[in-house]
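Student: Sequence first, predicted model second:
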2 protein chains.
Amino acid sequence: MTLAPESNPKIQDTPPFRIPLSEADRAFLAGLGATLRRYAPHETIMRQGDDEGRAFIIHSGWSCVHTDLPDGERQIIDFPFSGDIIGLRAYQSPSYISLTSITKLIVFEVPAKALTAAVEHSPRLAGTFLSVAARQRAILVEHLTNVGRRRGAARAAHLLLEIGTRLGGDGQRLASHYECPLTQYDLADALGMTAIHINRILKDLRELDLLSFRHRTVDFINLPATKKFAGFNPSYLLLERI
Amino acid sequence: MTLAPESNPKIQDTPPFRIPLSEADRAFLAGLGATLRRYAPHETIMRQGDDEGRAFIIHSGWSCVHTDLPDGERQIIDFPFSGDIIGLRAYQSPSYISLTSITKLIVFEVPAKALTAAVEHSPRLAGTFLSVAARQRAILVEHLTNVGRRRGAARAAHLLLEIGTRLGGDGQRLASHYECPLTQYDLADALGMTAIHINRILKDLRELDLLSFRHRTVDFINLPATKKFAGFNPSYLLLERI
DNA sequence: CGGGCCATTGACCTCGGTCAAGACGTGTGG
DNA sequence: CCACACGTCTTGACCGAGGTCAATGGCCCG
């Protein structure tokens, strides 16, 4: 696997899927021409409408996948984390989404065709990609349900619970506390609301003794009550292992 | 391919992907144990939370994929059409979505494991599934954008434009008129609103001379104006061919 | 020190939800 | 053939969640 000049050689050179890969698969993946790249915060890595031949696998850092609307607004589709794949598709085509870094971000960049080739080369890899894609679809489905059917406070709480769980790794652990570099504008763009209203909602959630989000830190004050309040059931975050 | 007793032998026995399959792939698909089944209107075919081992490929008819909330509400995720796949995933697991018929519905039912096996057996089939899944993801992304960022009237118009385009088949044709068996409750559940408000929105859209939805029929009165009003760009509906 | 980004809050307004009441159509049973 | 019930559509009155506009303050960084 080629390392970009700016990469840190200490970073492990295999995408951090949480599904075990065979040595052969690792070797094949390493031969695909993947490049480990770093991006500064708030860089546009891929822009909606561009002819894109790349796919991305998140190594570490925060970013968002979003659509752009003609009026300059955006809808954040997902905050992908380590091991998530962006741009898995059959062939090159104009991208319908944008990818923007939020913090410093490290990603594996792979020619999209190479990912397709991987699918065709290794049934096991195909299964891995299928698993990862299925989980990302479940997350997206839950996101739509959240935006479409929950009211503001529950919606915000649900997203913060989901992020806390995804940070845990296996999709089941949930710490009572995590650092979160998202701004209230980011939350608003993910939740289909305005940042001003997000601000009021966060105030409400604090006053309800459910959770506090200040100074880039999320603190769950009463985790069971918050889960109930948000209707949060983490089963959709489970990554099915092969 | 096994035919269920109630099936009509005149129905062609290969899933109607709009991507050409080789004879070998057809034969392999036919050997997977797929069953052609018919459902009556308003039947629950798969329920969220059930342990599901089946996947579905829509043959014909209208249905909806939705999530169910504890309070009895639901969020419609998609109205799948001919060739769309539901339940493509690595292995058996509890379903996080429900599938309900709206009209009479004909589907191919396949053991989910068989689909995975197909992916592992035929690189070409894997690519076909990847293409179909990528398009369905694009549709879902646009749906989230619609619900999160467009206001009611544009949101409703956008959905009706999308459905009209998807009915066309290749994702680019859009008739000025189509029959639509959805109720205003269905639209509301898809768009994250109430049926009462959908009713007022449809009235507004008629009075704006954009479109009319009455008596199970959608008529686009001024198609270019409606597309502009809804911010509708059908490129996300293109099915990339291999 | 100044500029920019972000968070916070108030005043006001509007979109969309809630509640209630009918109208219409269609299929069913008497 | 009629009566009725049920699902769906329609409309009005009212309310509340969330958006808009505006002003302010904190904080970080050049």
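Tutor: Sure, I can see it.
Student: Where does the prediction get shaky in chain A?
Tutor: For chain A, the stretches flagged by pLDDT under 70 are A:1-29, A:90, A:169-172, A:241-242.
Student: For residue A:115, which three-state class applies?
Tutor: Three-state call for residue A:115 (DSSP: H, G, I helix; E, B strand; the rest coil): helix.
Student: That one: what's it in contact with?
Tutor: Listed by C-beta atoms under 8 Å, 6 or more residues apart in numbering or on different chains, the contact set of residue A:115 reads A:32, A:55, A:85, A:87-88, A:129. Every residue, glycine included, has its C-beta placed from N, CA and C.
Student: Swap in 10 Å and give it another go.
Tutor: A:29, A:32, A:34, A:54-57, A:85, A:87-90, A:125, A:129, B:130 (C-beta atoms under 10 Å, 6 or more residues apart in numbering or on different chains).
Student: The longest helix anywhere in chain A to helix B:123-149, inter-axis angle?
Tutor: Looking across chain A with DSSP state H, the single longest helix is helix A:123-149. Relative orientation of helix A:123-149 versus helix B:123-149 (axes from the mean of the first three to the mean of the last three C-alpha atoms, to 10 degrees): 20 degrees.
Student: Helix A:123-149 and DNA strand D in contact?
Tutor: No: contact of helix A:123-149 with DNA strand D is not found when judged by C-beta under 7 Å from any atom of the strand; the minimum separation is 10.1 Å.
Student: Check which element follows that helix along the chain.
Tutor: helix A:152-168 (DSSP states H and E).
Student: name the helices or strands packed onto that following helix?
Tutor: helix A:123-149, strand A:177-179, helix A:184-191, helix A:195-207, strand A:211-214, strand A:217-220, helix A:223-230 (3 or more C-beta pairs under 10 Å, 6 or more residues apart in numbering or on different chains; DSSP states H and E).
Student: Send over the strand or helix carrying residue A:65 as PDB, restricted to the C-alpha atoms.
Tutor: Using DSSP H and E, residue A:65 falls within strand A:63-68. Extracted C-alpha coordinates of strand A:63-68, given in PDB (Å, rounded to 0.1, in the frame of the first residue of the first chain):
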ATOM      1  CA  SER A  63     -15.700  14.500   9.000                       C
ATOM      2  CA  CYS A  64     -19.100  14.800   7.500                       C
ATOM      3  CA  VAL A  65     -20.800  13.500   4.400                       C
ATOM      4  CA  HIS A  66     -23.300  16.000   3.100                       C
ATOM      5  CA  THR A  67     -25.400  17.200   0.200                       C
ATOM      6  CA  ASP A  68     -25.300  20.800  -1.000                       C
END
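Student: got the angle for it vs helix A:184-191?
Tutor: Put simply, strand A:63-68 runs at 60 degrees to helix A:184-191, going by the same axes, to 10 degrees.
Student: how far off helix A:123-149 does the next helix or strand after strand A:63-68 point, in degrees?
Tutor: Next along the chain after strand A:63-68, taking DSSP H and E as the criterion, comes strand A:74-78. Orientation of strand A:74-78 against helix A:123-149 (the same axes, to 10 degrees) gives an angle of 130 degrees.
Student: Show me which parts of strand A:74-78 are buried, residue by residue.
Tutor: Neighbour-count burial for strand A:74-78 flags A:74-78 (criterion: 16 or more other C-beta atoms under 10 Å in any protein chain shown).
Student: Over to stretch A:147-167?
Tutor: For stretch A:147-167, a neighbour-count test (16+ other C-beta under 10 Å) marks A:147-150, A:152-167 as buried.
Student: can you check stretch A:37-55 too?
Tutor: A:37-39, A:45-46, A:48, A:52, A:54-55.
Student: So which of these is the closest to DNA strand C?
Tutor: Comparing the buried residues of stretch A:37-55 against DNA strand C with C-beta to the nearest atom of the strand places residue A:39 closest, at 15.9 Å.
Student: is the closest one in a bridge, and if so with what?
Tutor: residue A:105 (DSSP bridges).
Student: circling back to that earlier point, out of the buried residues of strand A:74-78, flag the one nearest to chain B.
Tutor: Of all those, residue A:75 has the smallest distance to chain B: 4.2 Å, by C-beta to the nearest C-beta.
Student: which residues does that closest one bridge with?
Tutor: residue A:67.
Student: I figured it hits residue B:148, correct?
Tutor: Yes: counting by C-beta atoms under 10 Å, residue A:75 touches residue B:148, with 4.6 Å between them.
Student: Need the overlap of contacts for the two.
Tutor: A:67, A:147, A:189-192.
Student: Assign a three-state SS to the spatially most central residue of chain A, would you?
Tutor: Per C-alpha atoms, centre = their mean, the C-alpha nearest to the average position across chain A is that of residue A:80, at 1.0 Å. Assigned with three-state DSSP, residue A:80 falls in the coil class.
Student: Contacts only, for the closest residue in space to it that isn't next to it in sequence.
Tutor: Closest residue to residue A:80 apart from its sequence neighbours, by C-beta to C-beta, 6 or more residues apart in numbering or on different chains: residue A:58 at 5.0 Å. If you count contacts by C-beta under 10 Å, 6+ apart, residue A:58 has them with A:15-16, A:79-86, A:99, A:105-108.
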